[in-house]
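Novice: need a 3D model of the following:
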Amino acid sequence: MTHIFVNVPTSDLERSKAFYTALGCDINPLFTDENAACIVWDENIFFMVLTKEYFATFTDKQIVDPTTHAQVLIAIGRDSREHVDSTIAAGLAAGGSEPTEPQDLGFMYSRDLDDPDGNGIEFVYMEPQAAEEGPEAYLTGLA
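Specialist: Reported below is the predicted structural model:
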């Protein structure tokens, strides 16, 4: 089985734990301590939120400031447009920010959310036909 572990830095581990649990995530206590928290999105996707100091032990590269530099863009699928909107609302209420306007391409709807440290996550809903057959097949079916 494939699992995805995304490591993101934080300047305040407790704040990050509160933020991600407000989005509906769980925390795996077996992999959580004063340096890191294992944020469970589902049975295959996890964020390891690491203190900046601990994060730096995993690389010799300079750690960028996520409030001013983009290192990666993480997209997580939701099961409806409403689920995208409710996730963003929960994130905003928990101290996140929405750096861009929502994007509606007809076959795909997405909104971006920055966590309190500036790490960006995009929440996306894609129409099932577009996901299976490609966006043109979906858009052609609307004509």
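
Novice: what helix or strand is the residue nearest the centre of the chain on?
Specialist: Among the residues of the chain, the one closest to the centroid is Ile121, at 3.4 Å (CA atoms, centre = their mean). For Ile121, the host element (DSSP states H and E) is strand 120-126.

Novice: what ranges do the helices span in this structure?
Specialist: Assigned by DSSP state H, the chain shows helices spanning 13-22, 52-55, 81-93, 128-133, 135-142.

Novice: and those, which is most packed in?
Specialist: Highest mean neighbour count of the helices of the chain: helix 13-22, a mean of 18 (counted as mean count of other CB atoms under 10 Å). Any C-beta I mention is one placed from the backbone N, CA and C, and that applies to glycine too.

Novice: pLDDT (mean, whole number) over it?
Specialist: Throughout helix 13-22, pLDDT has a mean value of 98.

Novice: report all helices and strands that that helix contacts.
Specialist: Secondary-structure packing of helix 13-22 (3 or more CB pairs under 8 Å, 6 or more residues apart in numbering; DSSP states H and E): strand 26-28, strand 36-40, strand 45-51, helix 81-93.
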